[in-house]
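Colleague: Starting from these lines, generate the structure:
(one chain, ligands or ions: 2)
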Amino acid sequence: MQKPNRPDVVQVALKIPFAQHLDYQLPEHLSTPPVGGRVLVNLGKNKTVVGIVLSFSDHSSFSKLKPIQAILDEQAILNEADLTLFKQASKYYQVTLGEMIFTALPAWLKKTANKPIPLQKWWRTKSTLEQATERLQAAPKQLEIYQYLLLHGPLTSQSLSHISSSASQICKQLAEKNLAQAEELCLLANEAPYDPGFQLTADQDAALKQLKQAHDKFNVMLLDGITGSGKTEVYIQFIQNLMLENKQVLVLVPEIGLTPQLFQEISQRIKGQMAVLHSGLSDGARARVWHHAKTGLIDVVVATRSGIFTPFKNLGAILIDEEHDLSYKQQDGTRYSARDLAVLRGKINDFPVILGSATPSFESLNHAIGGKYKWLKLRSRTNNNPMPSITLQNALNNKPSKGLSLKTLHKIESHLANGNQVLVFLNRRGWSPKLICNECSWIGTCDDCDAYLTYHKHLNLLKCHHCDRRYTLPEFCPGCGSQHVETLGVGTEKIADGLSQHFSDTPIIRFDRDAVKTPKHWQNNLEAVRSGNPCVIVGTQMLSKGHDFPLLSLVVVVNVDNSFFSSDFRATEYLAQLLTQVSGRAGRADTKGEVIIQTQFPDHAFFHALFDQGYESFAKSQLTERQEMQFPPYTYLAIIRAQHRDASLLDHFLNDMVVFCENNEQVSVLGPLPALVAKKQKLHRMQLILNANQRKALHLLIYQLKKQFNDKSIQWFVDIDPVSFD
Ligand SMILES: Nc1ncnc2c1ncn2[C@@H]1O[C@H](COP(=O)(O)OP(=O)(O)OP(=O)(O)O)[C@@H](O)[C@H]1O
Ligand SMILES: [Zn+2]
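Modeller: Numbers count the residues shown, from 1 in each chain. Ligands and ions are numbered 1, 2, ... in the order given. Purely as a prediction, here's the structure:
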């Protein structure tokens with residue numbers, strides 16, 4: 001039956017760049033869909049797509065509306081506050097509302113097929129073993145499954161498949177006999193959560209008090225705690241506190257690799273339900289976490305960047321660990337910052353947002369200094385150990401072979417002999433980053449990108465790290481025919497190789513994108529380290545942060561000198577963060593830590609500013625420079641990025657934009673400039689850098705540019721608050 005105030009027109013957000021929403025007609029045979037729910041509609045000639053209902057109207061300025069094809073959700077998947085977040089975010093990042101929403105939706109919910117979210121049943125036993133044994137005398141397979149569940153449950157039927165291929169059927173039979181039951185989530189019955197019985201340090205105590213005081217209103221708090229100062233303990237006790245009020249908590253970490261650790265640390269301390277959310281999960285599993293967070297079944301979600309969009313029933317706070325990390329900025333598609341959106345979300349929903357780091361971003365630090373964020377400092381390590389000692393080793397006097405000098409190798413040896421572990425940090429994977437000819441100086445470059453090729457020894461080929469194209473190793477120099485072609489420089493593969501030769505009885509554990517391809521690899525490697533035996537870990541930035549390896553006493557840093565030649569005004573900020581973080585891995589338990597930095601510039605002013613004064617003073621003096629030079633965080637940046645096969649066409653196009661901007665006195669435009677990677681997969685890449693004293697002026701100009709230059713032949717997009725120029 002038709003309701004009296006039934007709307008005729010439904011406004012639907014779609015993944016389209018040209019309109020905020022499209023109007024559709026609501027056909028007689030469909031009921032009114034919920035706002036924030038999904039519908040199926042036709043787009044263009046014959047495409048069927050998923051859209052999100054935004055609002056209703058009695059009329060449309062368009063005639064001949066297409067009808068809604070189907071309603072996919074009976075209940076909204078996004079509530080009003082979620083939609084407000086998307087609306088404000090889409091304005092900020094200058095994309096349409098639909099583009100913003102579809103950046104956020106898990107793939108499962110974007111499918112037109114609308115299959116129900118695959119729920120996952122976890123089985124556990126009921127009744128006693130005696131009762132079960134008696135009743136299952138004639139059913140040995142059922143008894144076997146019962147016994148296995150009793151020992152190892154709760155488990156999914158998939159994880160019982162090694163016992164029987166019809167495990168799922170058998171579980172149902174057990175349930176019929178009232179000997180087992182299924183739950184939708186693995187409810188970890190943490191009736192009595194573990195309590196480590198820590199006496200909080202004075203700093204931890206003070207920080208926690210401030211958090212508790214501000215627990216029910218919007219506030220941004222910068223938990224600025226040196227490495228090993230026990231930030232996690234503060235997070236955990238704050239989460240426990242919020243859970244007492246039945247609130248949910250979202251915890252963001254910068255990398256998948258950090259999710260298991262934090263998940264475990266929190267889960268053993270709370271009486272509640274937790275989930276992880278990251279790109280390593282299946283589509284179905286990700287949609288499931290959305291669903292359970294929204295219904296309120298999950299109390300705490302530990303997620304990577306895109307988790308910021310998870311809808312919750314009663315979200316009480318967002319915690320962002322390692323808030324300075326660049327991984328919080330999405331680097332393709334809609335380039336949002338999960339950290340900045342967290343602050344926006346806290347404001348919309350009126351809850352606190354906690355940004356934690358040992359090396360806060362200069363943006364956040366600036367807000368803390370100015371009083372916009374509450375500044376909670378933890379300045380002592382929980383074990384009262386001093387910070388590790390730093391040695392700057394002159395790489396010109398101590399020539400490294402396979403990346404490490406003899407002096408360094410001796411140091412490593414003595415730390416291993418004391419039963420400790422060592423981390424060698426190098427931000428470059430592969431065997432060596434260049435292949436050169438000693439006679440004509442030819443260097444191996446990618447045909448499709450403006451990049452050198454990296455040699456990978458175990459594959460015995462050259463790889464482009466920008467497009468992943470592979471090349472066979474030339475026998476002769478393609479430039480002059482000489483046989484004197486050699487690899488130059490070191491990567492993690494070569495360092496690990498040198499170490500295995502030198503320390504043949506010690507495990508060398510490599511963490512980089514080639515050696516660690518799945519979360520399982522991660523876990524295996526981490527377990528090898530956690531086993532506590534002396535070992536040398538070789539790792540890229542994957543490993544520079546967050547990890548707590550109690551037995552690590554020496555950190556060796558190789559090859560960070562490139563940062564001194566970078567054209568990025570943030571290069572020193574990033575280097576300071578990296579060195580502080582990676583040094584902070586050393587000496588976390590009982591041993592005093594030691595750090596060796598192999599550098600060709602041991603006298604560089606940078607090192608002295610950072611290590612003599614510490615991160616905070618270093619940051620403050622750099623902020624003063626930024627202010628003088630009129631750079632962020634005192635001004636606002638956006639980059640217009642464009643790419644095309646034809647470099648001169650690209651140049652023309654961007655020059656036209658520059659001319660268009662010429663009369664704008666509030667925004668300065670730099671460019672066109674080639675991107676740091678000037679060519680990628682055959683496309684030339686150029687950019688304009690827009691810098692303004694006011695965000696409003698910058699956004700207005702971009703809005704005008706978008707209108708004026710909607711020429712489809714050149715692909716271009718805007719990056720608001722860029723974090724890199726590549
Ligand atoms: N009050 C306390 N007393 C004793 N030990 C503590 C206390 N609080 C935390 N710890 C322990 O101290 C260690 C370091 O803490 P944690 O890993 O939280 O440091 P962090 O501040 O997160 O450092 P990072 O920034 O390097 O990750 C952990 O093993 C933790 O269990
Ligand atoms: Zn390439």
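Colleague: Those residues of the protein touching ligand 1, which are they?
Modeller: Contact residues (C-beta under 6 Å from any ligand atom) of the chain with ligand 1: 198-201, 204, 225, 227-233, 358, 382, 546, 548, 584. Using the backbone N, CA and C atoms, a C-beta is placed for each residue, glycine as well.
Colleague: so of these, which ones are in strands?
Modeller: Gly225 (DSSP state E).
Colleague: Would you write a PyMOL line that selects the buried entries of the residues of the chain next to ligand 1?
Modeller: Buried members of the residues of the chain next to ligand 1, defined by 16 or more other C-beta atoms under 10 Å, are picked up in PyMOL with:
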select buried, resi 200+201+204+225+227+228+229+230+231+232+233+358+382+546+584
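Colleague: Just the residues of the chain next to ligand 1: which are in helices?
Modeller: Gln204, Lys231, Thr232, Glu233 (DSSP state H).
Colleague: Who are the contact partners of the first one?
Modeller: Gln204 makes contact with Ser229, Gly230, Glu233, Val234, Leu378, Thr382, according to C-beta atoms under 8 Å, 6 or more residues apart in numbering.
Colleague: Can you name the two of the residues you listed that sit furthest apart?
Modeller: Largest separation among the contacts of Gln204 by C-beta to C-beta: Val234 and Thr382, giving 10.8 Å.
Colleague: residue farthest from the centroid of this protein?
Modeller: Ala138 (52.5 Å; C-alpha atoms, centre = their mean).
Colleague: Check the secondary structure at that residue for me.
Modeller: Following DSSP: H, G, I helix; E, B strand; the rest coil, the label given to Ala138 is coil.
Colleague: roughly how far apart are it and Leu150?
Modeller: According to C-beta to C-beta, to the nearest Å, Ala138 stands 19 Å off from Leu150.
Colleague: Just give the number of residues close to Lys111.
Modeller: Other residues lying near Lys111 total 14 when counted by other C-beta atoms under 10 Å.
Colleague: Burial check on Glu486, number of neighbours?
Modeller: 11.
Colleague: Tell me if I'm right that it and Ile436 touch.
Modeller: Yes - taking C-beta atoms under 8 Å as the definition, Glu486 is a contact partner of Ile436 at 6.3 Å.
Colleague: how does this structure divide up, domain by domain?
Modeller: The chain breaks down by automatic domain parsing into domains covering 9-110, 122-183, 202-378, 389-431+490-623, 636-720.
Colleague: Of the ones you listed, flag the one that's most buried.
Modeller: Each of the domains of the chain was assessed for mean neighbour count using mean count of other C-beta atoms under 10 Å. The highest is domain 202-378, with a mean of 20.
Colleague: and the closest residue to His21 other than its chain neighbours, what helix or strand is that in?
Modeller: The shortest distance from His21 to any non-neighbouring residue, by C-beta to C-beta, 6 or more residues apart in numbering, is to Gln11 (4.4 Å). Assigned by DSSP states H and E, Gln11 belongs to strand 9-13.
Colleague: partners of that strand in the sheet?
Modeller: strand 22-25 (antiparallel), strand 47-57 (antiparallel) (DSSP bridges).
Colleague: Any idea how far it is from the middle of the chain?
Modeller: How far strand 9-13 lies from its chain's middle: 33 Å, per C-alpha atoms, centre = their mean, to the nearest Å.
Colleague: Show me the contact partners of it.
Modeller: 20-26, 33, 39, 41, 51-60, 65, 68, 96-98, 101.
Colleague: Give me the residues contacting stretch 659-676.
Modeller: 567-568, 640-641, 650-651, 654-655, 657-658, 684-694, 697-698, 701, 704-705, 708-709, 724-726.
Colleague: Can I get the strands paired with strand 9-13 in a markdown table including mean pLDDT and distance to Leu85?
Modeller: Shown next, in a markdown table, are those (pLDDT from 0 to 100; distance: least, C-beta to C-beta, whole Å):
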| stretch | mean pLDDT | distance to Leu85 |
| --- | --- | --- |
| strand 22-25 | 96 | 21 |
| strand 47-57 | 96 | 13 |
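Colleague: Where does pLDDT dip in the protein?
Modeller: 1-4, 185-191, 545-546 (pLDDT under 70).
Colleague: which is the next helix or strand following the longest strand anywhere in the chain?
Modeller: Longest strand in the chain, counting residues (DSSP E): strand 667-680. Counting by DSSP H and E, the element after strand 667-680 in chain order, helix or strand, is strand 683-692.
Colleague: Please tell me how far the residue most central in space within the chain sits from ligand 2.
Modeller: With distances taken as C-alpha atoms, centre = their mean, Pro254 lies nearest the centre of the chain, 3.6 Å away. Applying C-beta to the ion, to the nearest Å, the value for Pro254 to ligand 2 is 26 Å.
Colleague: Skipping adjacent residues, who's closest to Phe606 in space?
Modeller: Closest to Phe606 by C-beta to C-beta, 6+ apart is Thr572, at 6.0 Å.
Colleague: One more: Ser724?
Modeller: Asp568 (6.7 Å).
Colleague: just checking, the one you found touches Ile689?
Modeller: No - if you go by C-beta under 8 Å, Asp568 and Ile689 don't touch, sitting 11.2 Å apart.
Colleague: what touches both of those two?
Modeller: Jointly contacting Asp568 and Ile689 under the rule C-beta under 8 Å, 6+ apart are Phe725.
Colleague: ok, which stretches of the stretch 301-450 of the chain are helices?
Modeller: 338-349, 362-369, 406-417 (DSSP state H, counting those that start in this stretch).
Colleague: which one of those helices lies closest to ligand 2?
Modeller: helix 338-349 (28.5 Å; C-beta to the ion).
Colleague: Helix 362-369 and the closest one, what's the angle between them?
Modeller: 40 degrees (axes from the mean of the first three to the mean of the last three C-alpha atoms, to 10 degrees).
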